[in-house]
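Chemist: Fold the stuff below for me.
(one chain, ligands or ions: 1)
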Amino acid sequence: MLKSGHVSALLLLLAPSSFLYLFYLSQRQRRRPLPPSLKGWPLIGNALDIPLQNAGPIYATWAKKLGSNILSANALGTNLIIVNSVEIAEDLLEKRAVKYSDRPVSTLVNELMGWDWLFVFLPYSEPWKECRRLFVQHFRPGDDPSRLNANASQTTEFVNRFLVDLRRTPEEFYGLAKHMVGSLAISLAYGIPTRGRDDPLIQFVDSVARMLTRLLTPGGNVVDLFPLLKYLPSWLPGAGFKRYAESVRYMPDKYRSEPYDQAVKSFGNSNVRPSFLSAALAALEREDSQPNSTAESTRSDRAQRLKYIKDTAATVYGTATDTTASSIQTLIFALATHPHVREVVQAELDAVVFEKMPGAGHTLRLPTFEDREKLPYLMATVMESLRWAPIAPIGVPRQTAQDDVYDGYFIPRGSVVIVNAWSMLHDEAEYGPDTKVFNPERFLRIEKNTDNLEDKYELKSTIRHPGKILFGFGRRTCPGAHIAQSTLWLTAASLLTLFDFEHSENLESVTDLIGEKFDAGFMCFPHPFKCNFRVRSPEAAALLADLELALQSEGVEEGSMGSDANL
Ligand code: HEM
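Modeler: This is a model prediction of the structure:
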């Protein structure tokens with residue numbers, strides 16, 4: 001919550017215009033009420049109630065208290081609409097997409113710090129459409145449904161790298177997950193190799209993501225609640241936000257230009273792969289070579305298209321890394337603290353990946369995307385980790401582009417819309433009882449009369465896949481969902497095939513771990529934790545040794561990868 005001292009120091013400045021805004025709003029909504037809301041204070045409204053931690057569960061409590069799944073809150077004149085059910089999210093964000101596909105402009109992050117070009121933040125506009133088109137065109141899932149992700153071979157290679165690194169330094173698993181996803185994201189976006197674990201690009205994207213998620217938590221900074229503060233001179237006491245913004249203003253350009261320049265310089269080198277950037281630039285070249293491409297207007301259009309390509313590449317690398325790494329860390333935490341689940345998944349995997357040799361003995365292979373259908377318990381475990389501790393518990397805020405009326409309630413233009421994914425993913429009507437407990441079996445139909453794993457478990461088709469909520473609704477739904485989910489699945493499958501691992505505590509009977517063991521701000525992920533990893537079997541050790549050799553012979557050994565990544 002905002003500190004009360006902070007708020008009162010600003011009240012003098014805010015009071016007159018805040019009063020005018022509330023008066024203006026009351027005139028517009030004369031005939032219809034806003035959705036139910038907690039009682040606020042004069043002038044500051046609910047500013048002191050807006051939660052910065054655990055927002056999902058807290059908004060769910062408000063919904064229960066007020067008896068409505070659509071709520072409103074007013075924070076210093078900013079109107080928040082909080083959506084707590086799937087039905088309302090679909091009604092508004094899908095069926096009325098034209099009104100609900102905008103994003104709020106963060107005065108601090110977008111205007112003062114200069115991050116307004118990242119396409120996740122763009123208003124619903126032509127530039128957004130162009131960036132999204134570029135993204136989807138390149139990253140659309142493959143035609144073969146078993147692959148989940150058209151980039152399966154790169155995903156497999158980076159997961160393999162992770163497994164080999166994990167055997168060498170198991171105590172570093174938490175950072176290794178981030179390194180793996182960061183390297184994959186840079187490779188998909190730019191095709192360039194990364195250095196070892198202290199790769200500067202990955203470290204930079206990590207620090208930027210942490211900074212932005214902290215500042216973008218709705219209610220998380222006072223200048224977004226009251227944008228007129230941006231006009232304060234930066235030397236004024238209380239304008240520390242402005243001095244901070246100036247000190248980090250160099251970041252957006254560094255973030256967008258360094259990997260781009262590096263990639264463009266390295267095109268043609270043997271260690272540079274095909275990527276979003278190389279494909280988009282090649283398409284641009286092809287368009288340029290069309291007969292009518294010399295006109296002056298085409299040249300300025302080209303500069304604009306080049307900018308969209310550069311912005312989209314940077315968005316890929318920014319949006320993929322922290323989100324997917326956090327979801328892997330969450331899944332490892334859940335498996336490490338729930339030994340029963342781990343054992344069942346490992347038994348299921350063993351039945352698929354251990355193959356009998358014609359003479360005697362067995363060979364072990366790594367699972368592939370083609371095995372997905374044969375591993376329902378594993379799939380249920382991955383789904384449960386997305387549901388149990390959703391890494392984006394309150395989504396990414398939207399903004400209404402027009403006034404609207406829903407279920408008799410007035411929703412003013414310019415309202416910030418918060419989609420409470422946590423509440424939807426903990427809805428007992430959909431997911432059954434005890435939704436705070438990690439229990440993959442809620443997604444499974446279980447045949448009690450057999451011990452044969454092939455026949456025992458089947459995924460229920462009647463229960464909503466958590467990804468349908470977690471990755472958003474409507475036109476701005478996450479376009480990288482298939483990449484995130486396939487990376488998560490393959491990491492879990494490979495990890496459980498080769499390693500045993502456990503947390504020092506068995507937390508199977510604990511019903512609410514999130515508040516204690518997780519950072520539950522705008523993004524939710526486990527605090528760094530200790531986990532004991534061991535290679536599972538002699539066959540697993542042999543497979544890891546083979547993997548290491550194969551990676552070395554392909555020239556992707558740690559350290560050799562980034563020898564010319566001169567950033
Ligand atoms: C577990 C991992 C991830 C989660 C939970 C996640 C979640 C989200 C959510 C909730 C949104 C906003 C959707 C909405 O407004 O309805 C979003 C947007 C976005 N995500 Fe993801 N995401 C993940 C991984 C990824 C990956 C791997 C990529 C890229 C490869 C990506 C790229 C994007 C982009 C570009 C947007 C902006 C879309 C737009 O504004 O049109 N995300 N994501």
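Chemist: Can you show me the strands along the stretch 51-200 of the chain?
Modeler: For the stretch 51-200 of the chain, strands defined by DSSP state E, counting those that start in this stretch occupy the ranges 70-75, 78-83.
Chemist: Please work out which of these is packed deepest.
Modeler: Neighbour counts averaged per stretch over these are highest for strand 78-83, at a mean of 26; criterion: mean count of other Cβ atoms under 10 Å. Where C-beta positions appear, they are placed from N, C-alpha and C, glycine not excepted.
Chemist: and the angle for it with strand 70-75?
Modeler: Angular relation of strand 78-83 and strand 70-75 on a 0 to 180 degree scale: 160 degrees, by axes from the mean of the first three to the mean of the last three Cα atoms, to 10 degrees.
Chemist: Quick one: list the elements packing against strand 78-83.
Modeler: Applying 3 or more Cβ pairs under 8 Å, 6 or more residues apart in numbering; DSSP states H and E, one finds that strand 78-83 contacts helix 55-66, strand 70-75, strand 416-419.
Chemist: Minimum distance to the ligand: which of the ones you listed has it?
Modeler: In terms of Cβ to the nearest ligand atom, the element of the helices and strands packed on strand 78-83 nearest to the ligand is strand 416-419, at 6.6 Å.
Chemist: mind checking how far the closest one is from the chain centre?
Modeler: Using Cα atoms, centre = their mean, to the nearest Å, the mean C-alpha position of strand 416-419 is found 17 Å from that of the whole chain.
Chemist: Quick check: what element follows it along the chain?
Modeler: Next in sequence after strand 416-419, counting helices and strands by DSSP states H and E, comes helix 421-425.
Chemist: Give me the contact list for the helix or strand that that next one is followed by.
Modeler: Per DSSP H and E, helix 421-425 leads on to helix 428-431 as the next helix or strand towards the C-terminus. Residues lying outside helix 428-431 but in contact with it, judged by Cβ atoms under 8 Å, 6 or more residues apart in numbering, are 86, 387, 424-425, 435, 442, 463-464.
Chemist: which pair in the residues you listed spans the largest distance?
Modeler: Largest separation among the contacts of helix 428-431 by Cβ to Cβ: 86 and 442, giving 16.4 Å.
Chemist: Retrieve the pLDDT associated with residue 393.
Modeler: Note for residue 393: predicted pLDDT of 95.
Chemist: And the strands in the protein, which stretches?
Modeler: Secondary structure of the chain by DSSP state E: the strands cover 70-75, 78-83, 354-356, 362-364, 398-399, 404-406, 409-411, 416-419, 444-446, 457-459, 499-503, 518-520, 524-526, 531-535.
Chemist: what would those look like in JSON lines with distance to the ligand and mean pLDDT?
Modeler: What follows is the strands of the chain, written out as JSON lines (distance: least, Cβ to the nearest ligand atom, whole Å; pLDDT from 0 to 100):
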{"stretch": "strand 70-75", "distance to the ligand": "17", "mean pLDDT": "93"}
{"stretch": "strand 78-83", "distance to the ligand": "11", "mean pLDDT": "94"}
{"stretch": "strand 354-356", "distance to the ligand": "30", "mean pLDDT": "81"}
{"stretch": "strand 362-364", "distance to the ligand": "29", "mean pLDDT": "85"}
{"stretch": "strand 398-399", "distance to the ligand": "6", "mean pLDDT": "96"}
{"stretch": "strand 404-406", "distance to the ligand": "17", "mean pLDDT": "97"}
{"stretch": "strand 409-411", "distance to the ligand": "17", "mean pLDDT": "97"}
{"stretch": "strand 416-419", "distance to the ligand": "7", "mean pLDDT": "96"}
{"stretch": "strand 444-446", "distance to the ligand": "22", "mean pLDDT": "94"}
{"stretch": "strand 457-459", "distance to the ligand": "20", "mean pLDDT": "95"}
{"stretch": "strand 499-503", "distance to the ligand": "21", "mean pLDDT": "92"}
{"stretch": "strand 518-520", "distance to the ligand": "14", "mean pLDDT": "83"}
{"stretch": "strand 524-526", "distance to the ligand": "10", "mean pLDDT": "91"}
{"stretch": "strand 531-535", "distance to the ligand": "20", "mean pLDDT": "94"}
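Chemist: which one of those strands is the most hemmed in?
Modeler: For the strands of the chain, the highest mean count by mean count of other Cβ under 10 Å goes to strand 78-83, at a mean of 26.
Chemist: Look up phi and psi at the closest residue to the ligand within the stretch 51-200 of the chain.
Modeler: Taking Cβ to the nearest ligand atom as the measure, the stretch 51-200 of the chain has residue 120 as its residue closest to the ligand, at 3.7 Å. Here the main-chain torsion angles of residue 120 (degrees, to the nearest 10) amount to phi -60, psi -30.
Chemist: burial count for it?
Modeler: By the criterion of other Cβ atoms under 10 Å, residue 120 has 17 neighbours.
Chemist: Residue 264 too?
Modeler: Number of residues near residue 264 (other Cβ under 10 Å) recorded here: 14.
Chemist: who's in contact with it?
Modeler: With Cβ under 8 Å, 6+ apart, residue 264 has these contacts: 277, 281.
Chemist: and with 6 Å instead?
Modeler: The contact partners of residue 264, by Cβ atoms under 6 Å, 6 or more residues apart in numbering, come to none.
Chemist: what residues does the stretch 1-150 of the chain put near the ligand?
Modeler: 119-120, 132, 135 (Cβ under 6 Å from any ligand atom).
Chemist: Quick one: which of those is the most crowded by neighbours?
Modeler: Among those, the one with the most neighbours (other Cβ under 10 Å) is residue 119, at 24 neighbours.
Chemist: ok, for it, nearest residue in space, not its chain neighbours?
Modeler: Here the nearest residue to residue 119 in space, its sequence neighbours aside, is residue 131; by Cβ to Cβ, 6 or more residues apart in numbering that works out to 3.8 Å.
Chemist: Could you pick out the residues of the stretch 301-450 of the chain near the ligand for me?
Modeler: Counting by Cβ under 6 Å from any ligand atom, the residues of the stretch 301-450 of the chain lying close to the ligand are 315-316, 319-320, 323-324, 327, 391-392, 395-396, 398.
Chemist: Off-centre distance for stretch 526-537?
Modeler: How far stretch 526-537 lies from its chain's middle: 23 Å, per Cα atoms, centre = their mean.
Chemist: List of residues touching it?
Modeler: Counting by Cβ under 6 Å, 6+ apart, residues outside stretch 526-537 touching it are 170, 174, 329-330, 333, 336, 499-503, 517-518, 541.
Chemist: ditto for stretch 380-396
Modeler: Under the criterion Cβ under 6 Å, 6+ apart, external residues in contact with stretch 380-396 comprise 55-56, 326-327, 330-331, 334, 341, 345, 418-422, 425, 438, 440, 443-444, 466, 470, 472, 488-489, 492, 514, 523-524.
Chemist: And stretch 277-292, by the same measure?
Modeler: Residues contacting stretch 277-292 (Cβ under 6 Å, 6+ apart): 134, 138, 190-191, 263, 309, 313.
Chemist: Just these: which are in helices?
Modeler: When helices are assigned by DSSP state H, the members of the contacts of stretch 277-292 inside them are 134, 138, 190, 263, 309, 313.
Chemist: Most neighbours among the contacts of stretch 277-292, which one?
Modeler: For these, the largest neighbour count, defined by other Cβ under 10 Å, is 28 neighbours, found at residue 313.
Chemist: which residues sit in contact with it?
Modeler: With contact set as Cβ under 6 Å, 6+ apart, residue 313 has these partners: 189, 276-277.
Chemist: Would you list the buried entries among these?
Modeler: 189, 276-277 (16 or more other Cβ atoms under 10 Å).
Chemist: which of those lies closest to residue 67?
Modeler: residue 189 (46.0 Å).
Chemist: Okay, that closest one and residue 102: tell me how far apart.
Modeler: When Cβ to Cβ, to the nearest Å is applied, the distance between residue 189 and residue 102 equals 26 Å.
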